[in-house]
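J.: Structure, please.
(4 chains)
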Amino acid sequence: MGDAIMKRISFILAIVLLIFLLGVALLAPWLTLHDPYEQNLDNRFAKPSRTYWFGTDDLGRCIYSRIILGTRTSLFIGIVVVSLNTLIGTLVGLVSGFGPKVVDSIVMGFIDVLLALPGPILTLAVAGILGHGLLKMIIALTFLGWVSYARIVRGMVLSLKEREFVESARTLGLGSFHILFKHLLPNCLGPVIVLSSMEMGGIIMMVAGLSFLGLGLQDSYPEWGAMLDQGKDYLRTAPHLAIFPGLAIMVTVLTFNLLGDGLRDLLQGEEATRLFK
Amino acid sequence: MGPYLLRRLSVAVVSLVGVSFVTFLLIFLVPGDPAEMVAQARFGHDVGEREIEMVCRLEGLDQPVVFQYIKWVRHLLNLDLGYSLISRQSVLSLIWSRFPATLLLACSSLLLSQIVAVPAGIISALRKDTWLDVVLRLFAIWGVSMPSFWFSYILIIFFALKLRVLPVSGYGSFANLVMPSLALSLGIAGHTARLLRASILEVLQQDYLNTARAIGIRESKIVFKYALKNAMIPVLTSVALQLSFLLSGTVIVESIFGWPGLGKLILDGIFTRDFPVVQGCVLFVAVCFVVINVGVDLLYAWLDPRIRWEARG
Amino acid sequence: MSSLLEIRNLTVTYRFQDRQAAAVRALDLTIREGEKLAIVGESGAGKTTLVSAIMGLLPNSAEIEGKIFFREFQLNPRILAKLRGKEIVLIPQNVHNSLNPVFSVGNQMEDLLIEAKISPNRRRRIILDLLRKVRLPRPEVIPRSYPHQLSGGMKQRVLLAMGLSRSPSLILADEPTKGLDPVRRVGILYLLKQLVEQRRQSFVLITHDIKAAVYLSDTVALMYQGEIVEVLPASLLNTHSLHPYTTALLAAAPERGLQVLRRINPGVDSSPIVGCSYAAFCNLCRPACLKQKPVLRKVASGHMVRCHAIA
Amino acid sequence: MLEFRNVSKVFRQGWLKKTEIVAVKEVSLLIKPGKIFGLMGESGSGKSTLGKLALGLLTPSAGEVLWEGRLRTNLRSLPKEARLAIQGISQNPYGVFNPRHRIGYALAEPLIYHGLLKNEQERLLRIREILELVNMEEDCLRKYPSQLSGGQLQRLALARILLMNPKLIVADEPTTMLDLTTQAQIIHLLKRIHEKKGVAILFISHDLPVVTALAQRIGIMYGGRLVEVGSTQEILTNPLHPYTQLFLAAAREEVVPELQSNTNNSKGCIYYGSCYQSQELCAVKTPELIPVKREHLVACHLVNAAKNG
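T.: As a prediction, this is how the structure comes out:
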C-alpha cells in the first residue's frame, strides 16, 4: 500500500510541476520582473533581493526574468524535438515492423549502424559543425534521436503481429493500413508516450549542455545552459549566477523523469487490472 | 559459440563500414567550402582563388564523393586519420596522447558509480516499498535528473572554494580525479540503480524462482544465485553503453575541470574549426563503441545460454 | 492412518487496489499419511491458490486466514522454509518457465542436493538415478543441457526428478496433464502412477482432468468457487457422485455426450455471501439454498457433500 | 471445395536462415462443403499450421491451396466473397479481440470496412440476430474484452465471423483453454451453427472424444504429414496406421510406448523411429497416402503391402 501512495504522490507532484512549467512558459512575458535583456552595469552581481529575486548577472541583467523566459526556450525545443523524434521513429518503426521483410531488413540494418554510432558525441559534433541557431540545434538533436522510438515500435509491432486479434483482423479481410492504424498503433502508444516523457528530460539536459559549451543559441538569448556558462568565472564571488539556472534545469528534468515513471506505472497498472479481471 | 561469434563480428564489420561512412559525411555538413576552410587553415585567412584550387586538387576535393570516400577509407586502413589543421600533428597521435586521461576518468567514474548503484539497486528491490527503498529511489531519480555541469559547479563551490580540500581543476594527481569522477558517476549511478531495481523486481516475479522455493532451495541462494544472474543481464548492456558514453560524453566535465582528455580535444577542434581532429575523434570513439558492443555481446552469450542456442538454431 | 496435513478454516483473499476477491473460502481439508488425493475443479475454483497457500508461496496481494498443520505443527513461513523440498514439494503447472534459463539442469539439481547436504562425489550418481527414475531418454546428457534445449515434457520430468530428490512425505502436482496430447498425457500419467504406487508417501493431484484424477488417486475432492463441494472415494466418482455440480461436470465430458446440465437461474447472485455458491447454476436450486450456506455433510463412509438438496 | 494439393510449409530460422523446420510436408486433402472435418495429431504435428494455411495467414512453401478451384495463395486477387468465405476461431479467446476496442465496435468493424451493411439500423439488427444465435446478451456490446469470460469471448468470436457468412470455419483447438462445462457449450454451439447454416468446419484438436462427437471425417497428422484419413466411424473401428492405433489407445488411457523424437529423415517414413513394425523399406521410402477402402486413406507401406498381397 505504501508503494501505491508513494507512486501517487510522485505522479501528482510531476503533474503539478508540469502544469507549473507549462504555465510559466506560456505566461513568461507577464511573469518577468524586469526586461530580461536590459543591462545595468551599475548593478552587476547583485545578491538575491526583493527587486531582483535571484540577483543579477555579470551584465546586471535580472536572473529571475531570464530564467522565466528560458523556460520557454527549453520547453519549446524539448517539445519540438521530442515530437519530431516520436513522429519519425514511430512511423519508421511501424513501416519496418509491418511492412515486407526486405524493408524491415534494410531499415534495421540502417538502424543498427546508427546505434553503433556514439550518440552524444555525434550530436555534439553535428551541432558544432552546423554552428549556432535554433533550427540547427533541432536538426542535431533529431539526427539520432528517433532511432530508439523506431526500435521500440518495431519490436512491439512484431510481437503484436503474432497476436490473435491481428491475425483475426487479417482473416476478416481488413486491409493493412486499417490494421496498422486501428489495431497496432493504439496498442503501441502507451510505451511510446512513456519513452517520450523520459526523453524529454534528456533532450532538455542536452540542450542546456550544448548551450553550456557555447554550441547552442546566440549568447544573449536567455537559455539556462548558457546562463550557467556565464556564471563559471564567478563561482567564488557570485555563486548565485550558477545556482539558479542549474536548479531550473534540474527541476525541469526531474519533472519529466517523474512523469515518465508515473506514466509507466499507470500503464502497468492498466495491464495488471486487465489480468486481475 | 562459433557461429554466434562469427555473426557478431560480421555485424560489427558492417557497423564499422557504416560508421566510417557517416563520419566521412560529417565534413559535408560544414557550412561553406571545405577547400577554402583547409586553405585558410594552411595559408592564413586571406587566401586567394589559387590557393583554394591547389588545396582542392591536392586533397582530391574536386573528385566525386565515392572516390573521396574510398580514398578516405584507404587512409583509415593504414591508420592514417589525417593531420590537424592547427598543430599539424597527426590526428591519431593526438588521440593517443589524450586517450589515457579519458580512459582513466571513464573507468574511475564507472567503478565509483557501480560501487554505489549495485548495492543500492539490490537493496531497493529486496526492500521494496520500505522507507529505505523510497529514499534510495528518490536519490536515484535525483541523480538521473542532475545536470553533470551543474553538479560539477556545486562540487567546485563546496570542495574547492569553501572547504579548500580539492583543487578546482587540473590533471595528474589523485585529488584532481575526485571531482570529475563524482560529477560523472552521479547520473550513471542513478540510472544503473533504477534499472537494476526494475530488473530484479521483474525477475523476482518469474515462475522459476517460485519453483525453486517449491522444491526447496533456500531463500538466500534464490536471491543471490538464481535471481541476480538473470537480473544482471540487462544491466550489463546498460553499463557497457555507459562506458561508451563516458568515452565520448565526458566533454562537458572535461572542459569544466580542464581535464586533458578526448572530450576536450573534440571541443577545441570544434571551436578552432579543426575538422580532421573532430572527424578523427568521432571515428575513434565510434570504433571503441563497436568494440565494446561486441565484447558485451560475447559476455551476454556467456551469461545467457539461450542466446548461444538461438544463434546456433 | 494419521493425518499428515490438516487445513482448518482456510480463507485466502486477493486484494488489488480497492477490490478484493476470495479464492479459497473457509476450507477444511485433511490429507492422511500415504493418502493419494485429487482436487478437481475448473479454472477459478481456487485449486492453485490452495496449493500455493499450503506451500507458503502466495503473492503479497493475498491475505490468508485460518491454520494449516503439518504433522501437528502449525505452519508458519519459517517452518515452511525448512519443510519445502524436504517434506513437502510442489511440481508446478507452468513447466516452461519453471527452470532457471541461465543455469544448466545439472547445476540446478545439484543445488537441491547441496540443500540435502549430500557429499559432492555422490551427487552425480544421484542425479543420474533420479533422471532414470523419471524415465528421461539419454539421462547422461540432460545435466549438461540448459532448460531451453529441453521439450516441455522433458522439463516436466526434470521438475519431477527434482521434486523426488529428497523423498518428501507429500508431493503436490499442479495440473500435470494440462494441454497435453493423448500420447504424452498417458505417458506422464503412467509415470506418475508408477512413482505414486512405489511410494508410501502422500500425493495430491490438482487437476481439471477427471479421468486422470480417478486413475491416480484414492480420494477425490471437488472444488467450486473456493469451497470443497464433495469428497468421495475415486472409485465411486463416476457412479455415486451426488452434488449437482459434480453431476454437471461429469456430464459435460465428451464421453458422456457433452451434456449441458448447468442452467442459469435468473436473479441469483453467482458469487453470494450467504447461500450456496452454486445456486446460480444449480438445477436443484431451492429457496433454502439462497438463504443459508450448506455445510459439508457426511452421507456415507468416506463420502461428504455440501448441498441442501441432498439429504 | 477447400483443397490442399501437395502442400508443404517450411519455416526458416537462425542466421542466414540455415535451419529449416518442416511444419507441414506434402499434404493433400479435400474438405467438402457442409461437413465437419476433424484434424488430429500431437502438438507440433503441423495441424495448426495447416489451419493457418487454410485461412491464408501463411503461404505454402510448396504446393497449392485451392478454394472452389481457385488458388488461395494471393488473397488480394480473389473477389471479396471468396476471400471472406473461410474464417477462423482460435485457441485463445482472450486474445482474439483488440483490448482497446469495445465488443460492439469489434463486431461492427468488418461489416463497416467491407461496406456490407451500410445502414446502422440494419447492422444492429443483424448483430442482434447473431448474438441470439450464440446465446449472448446484448449488453456485452458495450463491454471491453477484459470484462468477459473465456467462454463468452469464444462465443463472440464465433458471432463476429458468422457476420461474414463464412462457408468454412477453421476452429483451431477452440476449447483447450476452456473448462469442461464451457467446452460442452461451445461444441454444442458449433454443432448448431453447422446444422442451421450448413457451414463446413475444419476442427483442429488433439482431444479424441471431442473430435468424434463433432466430425464426420477425421485426419491424423504426424510430423507434418497426414498419415490417415477416413470417416469417424472407420477411424474409430478400423485404424490402420500404427500411429493412429497408438493415438487411439492413448486416448483410451491404455499404456502406450513412448514416442522417439522423429529423426529428420527426409527419405523414409516419418514414423519410422517409433513404429513397432517398421521394415527396411520404411527407412528409405516415404509411403504415400493411398486409399485402402472408399474414403479411407493411409500412408503406410505395411498396410499397402497387406492390401496388395
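J.: contacts, neighbours, all on C-alpha from now
T.: Noted.
J.: List the residues that contact the residue in chain A positioned nearest to chain D.
T.: Nearest residue of chain A to chain D, counting by CA to the nearest CA: A:Phe165, 4.1 Å away. Neighbouring residues of A:Phe165 by CA atoms under 8 Å, 6 or more residues apart in numbering or on different chains: D:95-98.
J.: Against chain A, how distant is the nearest residue to C:Thr219 once chain neighbours are set aside?
T.: Using CA to CA, 6 or more residues apart in numbering or on different chains and skipping residues adjacent in sequence, the residue nearest C:Thr219 is C:Pro233, 4.3 Å away. In this view, C:Pro233 and chain A are 35 Å apart by CA to the nearest CA, to the nearest Å.
J.: repeat for C:Leu113
T.: In terms of CA to the nearest CA, C:Leu113 sits 37 Å off from chain A.
J.: sorry, back to before: out of the contacts of A:Phe165, which end up buried?
T.: D:95-98 (16 or more other CA atoms under 10 Å in any protein chain shown).
J.: a markdown table for those residues, including secondary structure?
T.: Listed next are the buried ones among the contacts of A:Phe165 as a markdown table, based on DSSP: H, G, I helix; E, B strand; the rest coil:
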| residue | secondary structure |
| --- | --- |
| D:Gly95 | helix |
| D:Val96 | coil |
| D:Phe97 | coil |
| D:Asn98 | coil |
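J.: Nearest to chain C among those residues?
T.: D:Gly95 (17.5 Å).
J.: ok, the closest one touching A:Glu162?
T.: No: taking contacts as CA atoms under 8 Å, D:Gly95 lies outside contact range of A:Glu162: 10.3 Å.
J.: Around chain C, pick out the residues from the stretch 101-250 of chain D.
T.: The stretch 101-250 of chain D has residues D:176, D:179-181, D:183-185, D:187-188, D:206-207, D:209-210, D:213, D:246-247, D:250 near chain C, with proximity defined as CA under 8 Å from any CA of the partner chain.
J.: Narrow those residues to those in helices?
T.: D:180-181, D:183-185, D:187-188, D:209-210, D:213, D:246-247, D:250 (DSSP state H).
J.: Serialize those to a markdown table and add fields for neighbour count and pLDDT.
T.: Output for these, formatted as a markdown table (neighbours: other CA atoms under 10 Å in any protein chain shown; pLDDT from 0 to 100):
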| residue | neighbour count | pLDDT |
| --- | --- | --- |
| D:Leu180 | 26 | 85 |
| D:Thr181 | 21 | 85 |
| D:Gln183 | 22 | 90 |
| D:Ala184 | 24 | 90 |
| D:Gln185 | 22 | 90 |
| D:Ile187 | 19 | 92 |
| D:His188 | 17 | 91 |
| D:Pro209 | 17 | 89 |
| D:Val210 | 21 | 91 |
| D:Ala213 | 18 | 90 |
| D:Leu246 | 21 | 92 |
| D:Phe247 | 26 | 92 |
| D:Ala250 | 21 | 90 |
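J.: The one helix or strand A:Leu158 maps to and chain B, are they touching?
T.: Assigned by DSSP states H and E, A:Leu158 falls within helix A:147-161. No: applying CA under 8 Å from any CA, one finds helix A:147-161 separated from chain B by no less than 13.6 Å.
J.: which residues of the stretch 51-200 of chain C fall in strands?
T.: Under the criterion DSSP state E, counting those that start in this stretch, the stretch 51-200 of chain C contains strands at C:62-70, C:73-74, C:88-91, C:170-174.
J.: Give the residue spans of the stretch 51-200 of chain C that score low on pLDDT.
T.: Scanning the stretch 51-200 of chain C for pLDDT under 70 picks out no residues.
J.: residues in it within reach of chain B, list them.
T.: So the stretch 51-200 of chain C meets chain B at C:55, C:57, C:81-86, C:88-92, C:94, C:97-103, C:111-112, C:115, C:146, C:148, C:162-163 (CA under 8 Å from any CA).
J.: Give me the buried subset of those residues.
T.: If we count by 16+ other CA under 10 Å, those have these buried: C:55, C:57, C:81, C:83-86, C:88-92, C:94, C:97-103, C:111-112, C:146, C:148, C:162-163.
J.: for residue 106, helix, strand, or coil?
T.: Just going to use chain A. Per three-state DSSP, A:Ile106 ends up helix.
J.: Model confidence at it, what's the number?
T.: In this model, A:Ile106 is scored at 88, pLDDT.
J.: The helix holding A:Leu158: which residues count as buried?
T.: Those would be A:147-158, A:160-161, for helix A:147-161 by 16+ other CA under 10 Å.
J.: go on, stretch D:243-258?
T.: D:243-251, D:253, D:255-256.
J.: helix or strand for D:Leu39, which one?
T.: Short version, using DSSP H and E: D:Leu39 is in strand D:36-41.
J.: tell me, what residue is most central in chain D?
T.: In chain D, the centroid-proximal residue (CA atoms, centre = their mean) is D:Ile204; its distance is 3.7 Å.
J.: show me the contacts for it.
T.: D:38-40, D:47-48, D:51, D:170-173.
J.: Recalculate using a threshold of 7 Å.
T.: Listed by CA atoms under 7 Å, 6 or more residues apart in numbering or on different chains, the contact partners of D:Ile204 are D:38-40, D:47, D:171-173.
J.: ok, now which ones touch C:Met55?
T.: Neighbours of C:Met55 in contact, by CA under 7 Å, 6+ apart: B:Ala214.
J.: and if we set it to 8 Å?
T.: C:Met55 neighbours (CA under 8 Å, 6+ apart): B:214, C:80, C:84, C:88-90.
J.: Including distance to chain A, could these go into JSON lines?
T.: As requested, these are arranged in JSON lines below (distance: CA to the nearest CA, whole Å):
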{"residue": "B:Ala214", "distance to chain A": "24"}
{"residue": "C:Leu80", "distance to chain A": "26"}
{"residue": "C:Arg84", "distance to chain A": "28"}
{"residue": "C:Ile88", "distance to chain A": "29"}
{"residue": "C:Val89", "distance to chain A": "27"}
{"residue": "C:Leu90", "distance to chain A": "24"}
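J.: ok, and does the helix or strand where D:Lys9 lies reach over to chain A?
T.: Applying DSSP H and E as the criterion places D:Lys9 in strand D:2-13. No: applying CA under 8 Å from any CA, one finds strand D:2-13 out of contact with chain A, separated by at least 13.2 Å.
J.: can you pull the buried residues of that strand?
T.: Applying 16+ other CA under 10 Å to strand D:2-13 flags D:2-10 as buried.
J.: Of those, just say which sits nearest to chain A.
T.: Taking the buried residues of strand D:2-13 together and measuring to chain A by CA to the nearest CA, the closest member is D:Leu2, at 15.6 Å.
J.: In this structure the closest one contacts D:Lys35, no?
T.: No: counting by CA under 8 Å, D:Leu2 sits too far from D:Lys35 to count as a contact (11.3 Å).
J.: what comes up buried for stretch A:47-67?
T.: Result for stretch A:47-67 [16+ other CA under 10 Å]: buried residues A:47-48, A:52, A:54-67.
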